[in-house]
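> what follows is a predicted protein model with its sequence.
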Amino acid sequence: GQNIDQPTEMTATEGAIVQINCTYQTSGFNGLFWYQQHAGEAPTFLSYNVLDGLEEKGRFSSFLSRSKGYSYLLLKELQMKDSASYLCAASTGANNLFFGTGTRLTVIP
Amino acid sequence: DVKVTQSSRYLVKRTGEKVFLECVQDMDHENMFWYRQDPGLGLRLIYFSYDVKMKEKGDIPEGYSVSREKKERFSLILESASTNQTSMYLCASSQDRGQETQYFGPGTRLLVL
């Protein structure tokens, strides 16, 4: 079977750093996506990790450990506009993605 | 910029009606997908298509069908809508040749009464 686990909700303070974890078990695995979804809007692409290690893109970084089936999204210098759901998705091959249920992040002043 | 559009943002239909949800992408992508998104369940794949006139079942195809007559257009059909099909429906597209990033449309929130 296929499974992705990520926390349901998180709260963090403006200006702080937050790490959103994701563990996955899939029948095939090519890489790990992170998407951001604001309430009522479409998911938008944030990052894609294929190789182990950390990839940094501005305030957002994403990490992957293939041997541990583990990824995290790191958000630095949090802003109010970062309040959104963050979706972890495993690429299982043949262009398909398997999504987790998402982590709703609330940034408070 | 990739643009994926969906025909309606909001739809209200009655039980038993036939419902068409349309999706169009303007980036010549080979792959197109239909998902539904429900609280606590995340995005679940209904159907996908790798090419014109081709379709593959996803994880929850029951009660749905699809049509892909042109490369840019992928339609989701609810043959006889039921209340448990009330949901947010999201269309996505991606290139082929190893580029797997999926780009999503704005979604259609369907209410079946």
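In hand now; what should we look at?
> contacts, neighbours, all on C-alpha from now
Noted.
> check what pLDDT residue 74 gets.
You didn't say which chain, so I picked chain A. Looking at residue A:74, its pLDDT is 98.
> try chain B instead
Residue B:74 is given a pLDDT of 97.
> now do the one 4 residues further on
Among the per-residue scores, residue B:78 holds a pLDDT of 97.
> quick check: residues of chain A near chain B?
Within reach of chain B by CA under 8 Å from any CA of the partner chain, chain A has these residues: A:41-45, A:48, A:91, A:95-96, A:98-102.
> residues in contact with residue 88?
If you meant another chain, say so; for now it's chain A. For residue A:88, the contact set (CA atoms under 8 Å, 6 or more residues apart in numbering or on different chains) comprises A:4, A:6, A:22, A:32, A:33, A:34, A:35, A:99, A:100, A:101, A:102.
> I was after chain B.
Counting by CA under 8 Å, 6+ apart, residue B:88 has contacts B:36, B:37, B:38, B:107, B:108, B:109, B:110.
> which among those residues end up buried?
B:36, B:37, B:107, B:108, B:109, B:110 (16 or more other CA atoms under 10 Å in any protein chain shown).
> what is the burial count for the closest residue to chain A within chain B?
Per CA to the nearest CA, residue B:42 is where chain B lies closest to chain A, at 3.9 Å. Residues lying near residue B:42 (other CA atoms under 10 Å in any protein chain shown) number 17.
> does the nearest residue to residue A:70 once chain neighbours are set aside belong to a helix, a strand or coil?
The shortest distance from residue A:70 to any non-neighbouring residue, by CA to CA, 6 or more residues apart in numbering or on different chains, is to residue A:23 (4.5 Å). Following DSSP: H, G, I helix; E, B strand; the rest coil, the label given to residue A:23 is strand.
> any idea of the pLDDT on residue A:23?
pLDDT, residue A:23: 97.
> please apply the same query to residue A:1.
75.
> still on that earlier bit, please tell me how far the residue nearest to residue A:70 sits from residue A:102.
Going from residue A:23 to residue A:102 by CA to CA, to the nearest Å gives 12 Å.
> same deal with residue A:20?
10 Å.
> between the two, which is the more surrounded one?
Neighbour count, other CA under 10 Å: between residue A:20 and residue A:102, residue A:102 has more, with 29 against 21.
> wait, that one sits on residue A:89?
No. The criterion here is CA atoms under 8 Å, and residue A:102 misses it with residue A:89 at 9.2 Å.
> what's residue B:102 in contact with, if anything?
A:45, B:92, B:93, B:94.
> the third one touches residue B:34, doesn't it?
No. Taking CA under 8 Å as the contact criterion, residue B:93 and residue B:34 are not neighbours in contact, 9.0 Å apart.
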